[in-house]
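Novice: What follows is a predicted protein model with its sequence.
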Protein chains: 2
Amino acid sequence: MPLLAARRLEVALISPLIEKLSRRDFISEEEKAVLADVVAPPVTLKAGQNIVEQYDRPSRSTLLLDGFAARYVVLMNGARQITELNVPGDFVDLHSLLMSPMDHGVVCLTDCKVGYCPHEALRFISQTQPHLTRLLWLETLIDAAVHRQWLAGLGRRTAFGRFAHFLCEVYLRLASVERAEGHRMELPLSQAILADVLGLSAVHVNRSVAQLRADGLVEWSGRMIRILDWDRLVRVAEFDPTYLRLGRDPV
Amino acid sequence: MPLLAARRLEVALISPLIEKLSRRDFISEEEKAVLADVVAPPVTLKAGQNIVEQYDRPSRSTLLLDGFAARYVVLMNGARQITELNVPGDFVDLHSLLMSPMDHGVVCLTDCKVGYCPHEALRFISQTQPHLTRLLWLETLIDAAVHRQWLAGLGRRTAFGRFAHFLCEVYLRLASVERAEGHRMELPLSQAILADVLGLSAVHVNRSVAQLRADGLVEWSGRMIRILDWDRLVRVAEFDPTYLRLGRDPV
DNA sequence: CGCTTAATTGACCATAATCAACCAGGGTGG
DNA sequence: CCACCCTGGTTGATTATGGTCAATTAAGCG
């Protein structure tokens, strides 16, 4: 296979990442190739499998290519708090490049396709590609920004407002990697998982879903969600997408 | 003044930062000088002043040299959630280098001495100093790790456990910049501010302090806190300092 | 079609919020 | 110098958001 064709194939593999980054900044063909070169051939993991566990010292970072994953912290009593939902295009543990051992675990919430990126290669990028390094850095900054919004939600919003906010966030993040459109999305997460996302009990998640339905905000059957009134959902969520950094703003 | 002496003076100015970084990794004299060069002569801000406000697009980042500051998100109803407490040596808005507008505000909780760092200079570091860049990146990664612990606290811990955890964290962070030792620290924060930290009402903060005292965990009079039983505090907090990345671990 | 997981509902309980006083200390103006 | 005031801390009574427990129904799935 000619070199260029092979390269196009590799770049296609990491398209959710490229797509996301390209919305923010201009990524040169060379940079795309450098990025694609870092990613090993994809692997499929089963729902429930851990991508990394707390206290691991991984020698690679993991790029999520398909499926849903989550970062989580578990307490001694077994309670789990999910601190971020990850969607295709997300580096789920990019920070392990500089920060090990892991301060939290990452689990596949559905079957996932992932591409491993050896730290060695990522470190080389950090030595030789300042612009790409800043883009990767920015990815981790957005994680932190998401954390902050969730903190505000857990600390100062009601369960209902927090839920609405979460739905707005997930929708935009999925839409930005072509996994959602027309205010419809597939979110194959059980209410028990949503409970760990929202810091609630499963029972209360169920009641909140009922409330969202009763208020005519969403249609929610199985794994498909349709947001019936986006503007109103945004209003009750007090949602402001600034923190997701979806717009163009070169670094 | 001879050049070397001037340089030593500049480096001394940012000693809390240098100290913190040096605990993790070897920082060369050249790197120290480069860092010190970035920081403008310090400025003193009054308690209550904002260092940056949400939606600002600062053209500089702020290094906290003395005092306490906090990042916060405010909701429409006026509720405020503090998402991180900042102590001397912290870059309170380093991420604004890559991520603007600001997704949150930063306020001085006490009078603060700060040193501004023009983005231009920080960007130059990111172009020319890969190791220093990784160290700065790591600073923002630790912010995210702190956020995650707080998320677990808000989502899954009781008010009491969360409070205990917070005290452990603050103590270690202060100790790591020589602002605390012997399990004693000065924490000049009102209970109303602590309420915004812990996602509680001021009244409940007061009750939690009473509980901490009653349990013989802390002695708390005015702004001085003495931790009477560190081991037990760590146990009730389920505190594990890994996420603070205080140990040696070169990047 | 049986089995297992997930969703749903109701009854009751607990943690923490809210509302409302009251108190202590420290700074200030008369 | 001292009364006053303002902020911050403390306490009690009541409410409410959301948790727990337990049972029932629905939905996938082999």
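Specialist: Looks like it came in fine. Numbers count the residues shown, from 1 in each chain, chains lettered A, B, ... in the order given.
Novice: all strands of the stretch 101-250 of chain A, in order?
Specialist: Along the stretch 101-250 of chain A, the segments classed as strands by DSSP state E, counting those that start in this stretch run A:105-108, A:112-118, A:180-181, A:184-186, A:218-221, A:224-227.
Novice: who does the first one pair up with?
Specialist: Taking DSSP bridges as the criterion, strand A:105-108 forms sheet pairs with strand A:50-52 (antiparallel), strand A:69-74 (antiparallel).
Novice: Point out the most buried one among those strands.
Specialist: Of all those, strand A:69-74 has the most neighbours on average by mean count of other Cβ atoms under 10 Å in any protein chain shown, namely a mean of 23. The way it works is simple: take the backbone N, C-alpha and C, and place the C-beta from them, glycine included.
Novice: Tell me how many other residues crowd whatever residue of chain A ends up closest to DNA strand D.
Specialist: Scanning chain A for the residue nearest DNA strand D gives A:H204, at 3.0 Å (criterion: Cβ to the nearest atom of the strand). Using other Cβ atoms under 10 Å in any protein chain shown, A:H204 is surrounded by 16 other residues.
Novice: State the distance from it to chain B.
Specialist: 12 Å (Cβ to the nearest Cβ, to the nearest Å).
Novice: still on that earlier bit, let me have the strands of the stretch 101-250 of chain A in CSV, adding mean pLDDT and distance to B:Y243 as columns.
Specialist: Formatted as CSV, the strands of the stretch 101-250 of chain A follow (pLDDT from 0 to 100; distance: least, Cβ to Cβ, whole Å):
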stretch, mean pLDDT, distance to B:Y243
strand A:105-108, 98, 13
strand A:112-118, 97, 23
strand A:180-181, 95, 32
strand A:184-186, 96, 32
strand A:218-221, 94, 35
strand A:224-227, 97, 33
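Novice: Figure out which of those strands is closest to B:W220.
Specialist: Smallest distance to B:W220 across these (Cβ to Cβ): 34.6 Å, for strand A:105-108.
Novice: Just the C-alphas of that closest one, formatted as PDB.
Specialist: Provided in PDB are the C-alpha atoms of strand A:105-108 (Å, rounded to 0.1, in the frame of the first residue of the first chain):
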ATOM      1  CA  GLY A 105      -9.900   4.500  37.600                       C
ATOM      2  CA  VAL A 106     -11.400   4.500  34.200                       C
ATOM      3  CA  VAL A 107     -14.000   1.900  33.200                       C
ATOM      4  CA  CYS A 108     -15.800   1.000  30.000                       C
END
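Novice: quick one: the helices in the stretch 1-150 of chain A?
Specialist: Using DSSP state H, counting those that start in this stretch, the helices of the stretch 1-150 of chain A run over residues A:3-13, A:15-24, A:29-38, A:119-128, A:130-156.
Novice: The stretch 151-251 of chain A too?
Specialist: Using DSSP H, counting those that start in this stretch, the helices of the stretch 151-251 of chain A run over A:159-175, A:191-198, A:202-214, A:230-237.
Novice: Establish whether the last one and DNA strand D are in contact.
Specialist: No - with Cβ under 7 Å from any atom of the strand as the measure, helix A:230-237 is seen stopping short of DNA strand D, the closest distance being 12.9 Å.
Novice: Can you point out the buried residues in that helix?
Specialist: A:L233, A:V234, A:V236, A:A237 (16 or more other Cβ atoms under 10 Å in any protein chain shown).
Novice: which sections of chain A are below the confidence cut-off?
Specialist: Counting by pLDDT under 70, the low-confidence segments of chain A come to A:1-6.
Novice: Which strand residues bridge the spatially most central residue of it?
Specialist: In chain A, the centroid-proximal residue (Cα atoms, centre = their mean) is A:N86; its distance is 2.3 Å. Going by DSSP bridges, A:N86 is paired in beta bridges with A:A69.
Novice: Go ahead and confirm it touches A:A70.
Specialist: Yes - the pair A:N86 / A:A70 is scored as a contact, 6.4 Å apart, by Cβ atoms under 8 Å.
Novice: shared neighbours, the two?
Specialist: A:V106 (Cβ atoms under 8 Å, 6 or more residues apart in numbering or on different chains).
Novice: can I assume A:P58 is in contact with A:M102?
Specialist: Yes - using Cβ under 8 Å, A:P58 is in contact with A:M102, at 7.0 Å.
Novice: how about the nearest residue to A:Q149, chain neighbours excluded?
Specialist: A:Y243 (5.5 Å; Cβ to Cβ, 6 or more residues apart in numbering or on different chains).
Novice: Check A:E238 too.
Specialist: By the measure of Cβ to Cβ, 6+ apart, the closest residue to A:E238 outside its immediate chain neighbours is B:M76, 5.3 Å from it.
Novice: Near the one you found, how many other residues are there?
Specialist: Neighbourhood size, B:M76 [other Cβ under 10 Å]: 7.
Novice: From B:D103, how far out is it?
Specialist: B:M76 is 16 Å from B:D103, where distance means Cβ to Cβ, to the nearest Å.
Novice: ditto for A:S190
Specialist: A:S190 is 30 Å from B:D103, by Cβ to Cβ.
Novice: So those two - more neighbours on which side?
Specialist: Legend: neighbour count by other Cβ under 10 Å for A:S190 and B:D103, higher for B:D103 (25 against 12).
Novice: Next, count neighbours for the nearest residue to that one once chain neighbours are set aside.
Specialist: Using Cβ to Cβ, 6+ apart and skipping residues adjacent in sequence, the residue nearest B:D103 is A:Y243, 3.8 Å away. If you count neighbours by other Cβ under 10 Å, A:Y243 ends up with 24.
Novice: residues touching A:Y243, list them.
Specialist: Here A:Y243 is in contact with A:I142, A:A145, A:V146, A:R148, A:Q149, B:D103 (criterion: Cβ under 8 Å, 6+ apart).
Novice: Tabulate those residues in a markdown table, adding columns for distance to DNA strand D.
Specialist: Below are these laid out as a markdown table (distance: Cβ to the nearest atom of the strand, whole Å):
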| residue | distance to DNA strand D |
| --- | --- |
| A:I142 | 26 |
| A:A145 | 23 |
| A:V146 | 20 |
| A:R148 | 19 |
| A:Q149 | 16 |
| B:D103 | 23 |
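Novice: ok, the nearest residue to A:L35 once chain neighbours are set aside - how many residues close by?
Specialist: Leaving out its chain neighbours, the residue that sits closest to A:L35 by Cβ to Cβ, 6+ apart is A:I14, at 6.4 Å. A:I14 is flanked by 22 other residues according to other Cβ under 10 Å.
Novice: doesn't A:V34 make contact with A:I14?
Specialist: No - counting by Cβ under 8 Å, A:I14 sits too far from A:V34 to count as a contact (11.2 Å).
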